[in-house]
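Trainee: have a look at this fold, sequence not included:
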């Protein structure tokens, strides 16, 4: 019967058609798996590699950056560079290493202005609001100020001196009669520019800029600091004194 | 098939060497010129163009962004900045008019590499090697966008030889020669015309972009065709020629309508009878195909 033959042929060709689609889709899927695995393998940014000012959180940044290098070319200092295959940074994305060349914190933030995609957030207009990372005095055992000396270099070079880094006085217990001046970073003002790390006089810097999520702890959301609550309320939260029973050592046990 | 070493001899004889290489020279000039504009800044301090092919700023006012790369960032979940959107819109409109794959033949730096590989492959008469279907690139394009959506990263941009090569040139990256060599060897010994012609998802994207482009190659003087077949030999996408040159009489006009055509103009150069010209898609009268009308079958067989 002609109709039957026709139907039989069309079902064979449909089967071949579907098999072709399945094969291609399988190949495309395998290709996507390889590409995706390769891409996500390098997603974690090594701690020493800092993104430019205004960079969105790393996962959003990698979604947005088209790796054009406009930020790198508009950076007036040798700070920013695009990652090559030898850097442990997703290839073609901008970064800097503070110990080699820190961010000089230009007032007009040219790198952010150059970014066409918003990977560097154009809302960042004041460079003091940048949060590229956070300086941490990572090694007290080698920091000269901790030894009681007056190096102070990290403090002196800080673009936001006396706010982002202060020198806190402590008693020098080694000599018993001197004061140590402890360089202390304040996370509410530090931009992570890395000038302190760059200028640390040691062979290996004792102060380093690291990603904020590595640098910062986080209190439980339910924690309340009594003295803050008290200041907020203007008086003690517990009215009056609680008179606990006194127990005196009984004579003779 | 035509002897590759004798290719173009007729055209040179009738038109002269320069006319027989006109579009090839223009194309290389444009490719190197664009590269030169990008390199003039970092190498000589002449900042006419900043950035690279994925996104650039010309003379401080003209933003251009590769819509293929931007689309990947969309798939990855980015809401793009306005500059990038504007730049991508300009590029999209431009290629929608001049032909999407004009990007491949006039702009893409990889074209020089794969053209060189093809030239050598023809000279050495190497076997064609692995020949995946042409539509493989469309599947790879879908995979590229799918991977971006799943991983939240423009993942292909870690591997995309097109953007890697250009970025490597502009920003002086050491790994550049590895990619160039890999592509060259792939096209030379593994798969002739394999990368640009079968696999490249970026080429597939630009092909789709130019599906209805205005500027097209036309076999306007197809009645003069002497069946030398040299256009088929030089064309990077030979299947696009047949419907225009040897179209079914009364149903197909002379315009090359396939989105795979790269507008490279090699067919125009190589033809000693001046059959091909650049034209627009609407100048496509459905006229009988002259002397070809009688022997359609033999042509289709030979072209295939």
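Mentor: Structure's in. What do you need? Treat the numbers as computed from the prediction; the structure is a model and nothing was measured.

Trainee: quick one: the helices in chain A, in order.
Mentor: A:2-41, A:58-64, A:70-74, A:110-114, A:153-157, A:195-199, A:212-215, A:226-233 (DSSP state H).

Trainee: could I get the ones you listed as CSV with mean neighbour count?
Mentor: All C-beta atoms are positioned from the backbone trio N, CA, C, and that covers glycine. Converted to CSV, the helices of chain A look like this (neighbours: other CB atoms under 10 Å in any protein chain shown):
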stretch, mean neighbour count
helix A:2-41, 13
helix A:58-64, 22
helix A:70-74, 24
helix A:110-114, 21
helix A:153-157, 20
helix A:195-199, 23
helix A:212-215, 14
helix A:226-233, 10
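
Trainee: flag every residue of the stretch 101-250 of chain A that's near chain B.
Mentor: Contact residues (CB under 8 Å from any CB of the partner chain) of the stretch 101-250 of chain A with chain B: A:114, A:115, A:116, A:117, A:118, A:119, A:122.

Trainee: for the residue in the stretch 151-300 of chain B positioned nearest to chain A, give me its contacts.
Mentor: Proximity of the stretch 151-300 of chain B to chain A (CB to the nearest CB) peaks at residue B:155, 3.4 Å away. Contact analysis of residue B:155 by CB atoms under 8 Å, 6 or more residues apart in numbering or on different chains lists A:35, A:36, A:38, A:39, A:40, B:72, B:76, B:144, B:147, B:148.

Trainee: any idea how far residue A:142 is from it?
Mentor: The gap separating residue B:155 from residue A:142 is 41 Å, by CB to CB, to the nearest Å.

Trainee: dihedrals phi and psi, the most centrally placed residue in chain A?
Mentor: For chain A, the residue nearest the mean C-alpha position is residue A:211 (2.5 Å; CA atoms, centre = their mean). Reported as degrees, to the nearest 10, the phi and psi values for residue A:211 are phi -60, psi 140.

Trainee: who wins for proximity to residue B:269 among the helices of chain A?
Mentor: helix A:2-41 (34.8 Å; CB to CB).

Trainee: which other helices and strands contact that closest one?
Mentor: helix B:136-151 (3 or more CB pairs under 8 Å, 6 or more residues apart in numbering or on different chains; DSSP states H and E).

Trainee: what residues of the helix it packs on count as buried?
Mentor: Using 16 or more other CB atoms under 10 Å in any protein chain shown as the test for burial, helix B:136-151 gives B:136-148, B:151.

Trainee: next helix or strand past that helix?
Mentor: helix B:161-171 (DSSP states H and E).

Trainee: grab the nearest non-local neighbour of residue B:268.
Mentor: Leaving aside its sequence neighbours, residue B:268 sits nearest to residue B:276 (CB to CB, 6 or more residues apart in numbering or on different chains; 4.4 Å).

Trainee: number of nearby residues for that neighbour?
Mentor: Number of residues near residue B:276 (other CB atoms under 10 Å in any protein chain shown) recorded here: 27.

Trainee: quick check: the gap between it and residue B:11.
Mentor: Counting by CB to CB, the gap from residue B:276 to residue B:11 is 11 Å.

Trainee: now swap in residue A:130 and tell me
Mentor: Taken as CB to CB, the span from residue A:130 to residue B:11 is 61 Å.

Trainee: and what of residue B:167?
Mentor: Taking CB to CB, one finds residue B:167 at 37 Å from residue B:11.

Trainee: same check on residue B:136?
Mentor: Taking CB to CB, one finds residue B:136 at 33 Å from residue B:11.

Trainee: in this structure residue A:186 contacts residue A:167, no?
Mentor: No - if you go by CB atoms under 8 Å, residue A:186 and residue A:167 don't touch, sitting 12.0 Å apart.

Trainee: more neighbours: the two, which one.
Mentor: residue A:167 (19 against 14).

Trainee: residues contacting that one?
Mentor: A:145, A:152, A:155, A:181, A:182, A:183, A:184.

Trainee: low-confidence stretches in the chain?
Mentor: Went with chain A since none was named. Where chain A drops to pLDDT under 70, the residues are A:1-9, A:42-44, A:251-253.

Trainee: if you could check chain B rather than the one you did, that'd help
Mentor: Across chain B (using pLDDT under 70), the flagged ranges come out as B:1-5, B:80, B:248-251, B:287-304.

Trainee: domains in it, as residue ranges please.
Mentor: B:4-12+B:215-303, B:48-209 (automatic domain parsing).

Trainee: go through these and pick out the most buried.
Mentor: Sort those by mean neighbour count, taking mean count of other CB atoms under 10 Å in any protein chain shown, and domain B:48-209 sits at the top with a mean of 21.

Trainee: centre of the chain versus that domain, how much separation?
Mentor: Computed by CA atoms, centre = their mean, to the nearest Å, the chain-centroid distance of domain B:48-209 equals 10 Å.

Trainee: repeat for stretch A:79-93
Mentor: Offset of stretch A:79-93 from its chain centre (CA atoms, centre = their mean): 17 Å.

Trainee: show me the contact partners of it.
Mentor: By CB under 8 Å, 6+ apart, stretch A:79-93 touches A:39, A:42-43, A:45-46, A:49, A:52, A:61-62, A:65, A:67, A:69, A:71-72, A:94-96, A:101-104, A:111, B:153, B:157-158, B:163-164, B:167-168, B:171, B:173-175, B:178.

Trainee: again with stretch B:184-198
Mentor: Residues contacting stretch B:184-198 (CB under 8 Å, 6+ apart): B:104, B:108, B:110-111, B:113-114, B:116-118, B:120-121, B:126-134, B:136-137, B:161, B:183, B:203, B:236-237.

Trainee: for residue B:60, see how far away the residue nearest to residue A:109 when sequence neighbours are not counted is.
Mentor: For residue A:109, ignoring the flanking residues on the chain, the nearest one in space by CB to CB, 6+ apart is residue A:127 at 5.3 Å. Taking CB to CB as the measure, residue A:127 and residue B:60 are separated by 22 Å.

Trainee: repeat that for residue A:35.
Mentor: 35 Å.
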